[in-house]
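J.: This is a predicted model, with the sequence first.
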Amino acid sequence: MIAASLKPRAGLLAATVCLIAALFICAGGNAKAEEELAAEAPAFEELVAALPDASFDEKAALADTIAGTGHPRAGAVLKALAGGDLYAAGNGRVIIAEGRKGPYKDALTGEDMGDLEDRPSRIIVNNRLRGSLRDLVALINLSSPEKDRRAGAAAAAFSASGQGALRTVERALEHEEDEDIKAALEEARAAMLLRGADTEADEAALLDAVETLRGRGDPDAMSVLMGTELARTPAMQEAVDRAVAKIQTELKMWDAAQNVYYGLSLGSVLLLAAIGLAITFGVMGVINMAHGEMIMLGAYTTYMVQQFLASSAPDLMQYSLVFAVPAAFLVSGAAGVAIERSIIRFLYGRPLETLLATWGLSLILQQAIRTIFGPTNKQVTAPDWMSGSFELGLMSITYSRLWIILFSLAVFALLLAFIKYTQFGTQMRAVTQNRPMAASMGVRTNWVDALTFGLGSGVAGIAGVALAQIDNVSPNLGQSYIIDSFLVVVFGGVGNLWGTLVGAMTLGVANKFLEPYAGAVIGKIIVLIFIILFIQRRPRGLFALKGRSVEA
Amino acid sequence: MITNRLMNTRGTLSFYVYAILLGTALLVPLFNLLPPEGSAFHLSDYTVTLLGKYLCFALLALALDLVWGYCGILSLGHCAFFALGGYAMGMYLMRMIGPRGVYGDPILPDFMVFLNWDELPWYWLGFDNFLFAMLMAVLVPGALAFVFGLLAFRSRVTGVYFSIITQALTFALMLAFFRNDMGFGGNNGLTDFKEILGFDIQARSTRAGLFVASVAALAAGYAICRAIVTSKLGKVLLAVRDAESRTRFLGYRPDRYKLFVWTVSACLAGVAGALYVPQVGIINPSEFTPANSIEAVVWVAVGGRGTLAGAILGGVFVNGMKTWFTSSFPDMWLFALGGLFIFVTLLLPKGILGTFLDYYGKRKGTGTDVAAPIAPAAAPPEAPAPEQEGRPRELERAGA
């Protein structure tokens, strides 16, 4: 028993030992390579010794050359120079201070210097120099045994310039084995070439460099291409122009893609807010102005669930949404059933009166929440897996937006399936399509009404859980969505869930595409005016139900 | 014969309305100006301004009742017209400040100086003329309503859809007026007024004058609305309200009738806004809030939809209640307002005056209220569903 449980652990241990051994060998190999390189560049000592008396420009050139030597101490020296810790001692030696008053170390060997009899003078740098030094220090990391640091250095190398940097990169290229890092280094090398780091580079090499940058295709590559002064020959000029044009189109496409993504994310928020309404208004024909408050109830339920978990089971906080979604559905759904039974059932057939009564109800609910919870915003914490973002090409995708898109689509699909495949869904459709016939078939139409309204409200509650993650949980939460939700449902076409999906996504994307040109507010106004005009053209929305409808 | 008697009742009602308005116009300023302060009969300046405000709201309610009560068009954006009229008046009052503003610029209002504008934008030109400003207070809302209505009614946008797009309209206007570069003072709106027609706007006599003007405007509005609803045109309006398709099949053009009352109503709302601004001393984009417009609808519903006097009553009554509640139990006001919405729609569909007239008529053995809308019985089981594809519904729904 014990042996069995130990066995995997022993295996792990062996693996770790192997790994460490491998690392040592690697490091040793690396050190050997460095030594060889150091032998090739005997000038390191002279270069360092020249630093104290050099001007800023000369220092920049020296630093670049120092980096180019690949000397094992180069990194330490440059780092000290950038940090202002490099001093010139009286006897002409250059030393590195570990603290403000020592201890000091020899810059060339790294030996301890002990106490110094006279105060060394600091080798000063300015901001511009400090910036290029930082790039150089980053380049030194290219020879680091850790892959992550090498990758970081390779990425940073892109903005570095100078001959020394170029040589460092080229040397790193020779024994870099990771493909990604290699590609990054190639790009960095191309950028350096085009910035004029190698005065002897021939046209073929430069054309190659242009090609490499075109492949990279981001704003940095474009600025390098546009800034290059080496496009002297027509062939070169043409290549640069072509590359810039290509990158520009690519960037535009990425920009458009990012806008589409933002639009979809806004659209999915609209979808979540409107989908419950698509049931109560679209399917039942009930104008529920208190729909926004159902969303608000869902958001407050989320808050309550989190409060409860935080006090009684903090371990489960990560999974609060798992509890919040059904809780919100039940709370808002129950509220919906209660509203239907107490108010709306008396008002069927009088849509305008329903509108007023539910508006009154929304005022009461808002004030009730304000009285109970206070007027201030409540804090709902998003779980860890919803924060952060990742890069997709040149787009940055935040997890919270992505989850909301997925969540809204899941809710939509579930609802669609529910209406299509369940017993209750069938009854619901039967009642909407032909109430007397459904009733004579034994469907309890009253209860179907109540439950349908409850379903719509419950879905609004679920929307509230999602919206609580991205919006302020306050008594006014619902009001900010009610107009948008109605417009989405009306735009998409009443009585059609697909219309709501298309309507929400269209409006979301349209809004986000207008924003860069017109600003957020004007964009919104344009969308509103567009909907107003659209309803004139198609009073029944995008996906109108066909039928001989005479009056609403 | 029956018509005759109906006209009689209505005539009596309107006589009461005119008498009460005249009495208010005479007595309120009298009690405000004559008795010394501290006397039991003294009406404070605050009360006069408050009453003046109510009358402006009553005029707005009247305008709303004209379209909702008599033509079945529920506008959830009437405050847009009200606020536009208010802005026209506000622009005039801004121009009248002259060099007395904080920055002392003789022409530019303070907020424009603050925004570093060099000259008045073109749409501010002419607003130093009172008559022009008043004309704009009527014409701008009227023109907006005309264009909006023309588009909407011609393509037969009705019922709830119309309500929702009117709400979108006022929402869009609100967003627009919140912008600083619109040139209407952005967030803060227009305020800090000094004088109107050369009179100090804070002076007691000016306030009394504005009050009388409000009463006069309300009386004129009432007369106009009454003229419309008692005319033959008014009968067509009722027909459109109760059975639009049937009216169309009889050869009328409902869209034109609707457009006419809709525009008139917007103009009246504009006048109400123009009178409201000098009395409260400020106009800002929050007047465009959709919630305000919906609140105005409940004034009409409470007073009695389809009775002009009821709308006036509702406007004054609900706002009086609001003042009382917000000062005595501020937390309870939204409960009360919300409850009022529900109570009126569920239990008092004809409003205070409509119910009263019903009762009064029943006691006398005659039906009185010619204009009260036909309220269908609660929960007719076949009503709510929109038509499903390929399933023709009975045409007679048009009459419901």
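T.: On my side now, so go ahead. Residues are numbered from 1 along each chain as shown, chains lettered A, B, ... in the order given.
J.: Disregarding flanking residues, what is the spatial nearest neighbour of the closest residue to chain A within chain B?
T.: Here chain B gets closest to chain A at one residue, B:Phe341, 2.3 Å apart by C-beta to the nearest C-beta. Glycine gets a C-beta too; all of them are placed from N, C-alpha and C. Of all residues not flanking B:Phe341 in the chain, A:Gly360 sits nearest, at 2.3 Å (C-beta to C-beta, 6 or more residues apart in numbering or on different chains).
J.: tell me the contacts of that neighbour?
T.: Going by C-beta atoms under 8 Å, 6 or more residues apart in numbering or on different chains, A:Gly360 touches B:298, B:337-342, B:345.
J.: What's the separation between it and B:Leu340?
T.: 7 Å (C-beta to C-beta, to the nearest Å).
J.: shared neighbours of those two, which are they?
T.: B:Val298.
J.: Now the residue nearest to B:Phe341: which helix or strand?
T.: helix A:351-373 (DSSP states H and E).
J.: Quick check: buried residues in that helix?
T.: Using 16 or more other C-beta atoms under 10 Å in any protein chain shown as the test for burial, helix A:351-373 gives A:351-367, A:369-370, A:373.
J.: tell me the contacts of the residue of chain B closest to chain A?
T.: A:356-357, A:359-361, A:363, B:298, B:301.
J.: Repeat that for B:Ala219.
T.: B:18, B:21-22.
J.: Give me the subset of the residues you listed lying in strands.
T.: Using DSSP state E, no member of these falls in strands.
J.: ok, A:Ala172 touching A:Leu142?
T.: Yes. Contact criterion C-beta atoms under 8 Å: A:Ala172 and A:Leu142 qualify, at 3.9 Å.
J.: one step back: any idea how far the helix holding A:Gly360 is from the middle of the chain?
T.: How far helix A:351-373 lies from its chain's middle: 37 Å, per C-alpha atoms, centre = their mean, to the nearest Å.
J.: got any ranges where the chain has weak pLDDT?
T.: Just so you know, I chose chain A. Along chain A, segments meeting pLDDT under 70 span A:1-42, A:70, A:90, A:99-102, A:114-118, A:231, A:544-552.
J.: you looked at the wrong chain, it should be chain B
T.: B:1-11, B:364-400.
J.: returning to what we had before: between A:Ala172 and A:Leu142, what contacts are shared?
T.: A:150, A:154, A:185.
J.: partners of A:Ser121 in the sheet?
T.: In this entry, A:Ser121 is beta-bridged to A:Ala88, by DSSP bridges.
J.: now it: how far from B:Leu190?
T.: When A:Ser121 is compared with B:Leu190 (using C-beta to C-beta), they lie 67 Å apart.
J.: The two: who's more crowded?
T.: B:Leu190 (24 against 11; other C-beta atoms under 10 Å in any protein chain shown).
J.: so what's that one up against?
T.: B:87, B:90-91, B:93-94, B:109, B:184, B:277, B:282-284.
J.: ditto for A:Gly499
T.: Counted by C-beta under 8 Å, 6+ apart, A:Gly499 has contacts A:278, A:282, A:489, A:491-493, A:541-543.
J.: make it 10 Å
T.: Contacts for A:Gly499 (C-beta atoms under 10 Å, 6 or more residues apart in numbering or on different chains) come out as A:278, A:282, A:488-493, A:540-545.
J.: Check these and tell me the two furthest apart.
T.: Maximum pairwise distance among the contacts of A:Gly499 (C-beta to C-beta): 16.7 Å, between A:Val488 and A:Leu545.
J.: So if I had to pick from those two, which one is more boxed in?
T.: A:Val488 (30 against 19).
J.: surely that one meets A:Leu497?
T.: No. A:Val488 lies out of contact with A:Leu497 (C-beta atoms under 10 Å); the separation is 11.6 Å.
J.: so what sits against both of those two?
T.: Joint contacts of A:Val488 and A:Leu497 (C-beta under 10 Å, 6+ apart) are A:271, A:275, A:278.
J.: Is it possible to get JSON lines of those residues that adds secondary structure, neighbour count and distance to chain B?
T.: Converted to JSON lines, these look like this (DSSP: H, G, I helix; E, B strand; the rest coil; neighbours: other C-beta atoms under 10 Å in any protein chain shown; distance: C-beta to the nearest C-beta, whole Å):
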{"residue": "A:Leu271", "secondary structure": "helix", "neighbour count": "31", "distance to chain B": "18"}
{"residue": "A:Ile275", "secondary structure": "helix", "neighbour count": "27", "distance to chain B": "17"}
{"residue": "A:Ala278", "secondary structure": "helix", "neighbour count": "29", "distance to chain B": "12"}
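J.: Flag every residue of the stretch 1-150 of chain B that's near chain A.
T.: Within the stretch 1-150 of chain B, the residues that sit near chain A (C-beta under 10 Å from any C-beta of the partner chain) are B:68, B:72-74, B:76, B:148, B:150.
J.: Just these: which are in helices?
T.: Within the residues of the stretch 1-150 of chain B next to chain A, residues falling in helices by DSSP state H are B:68, B:148, B:150.
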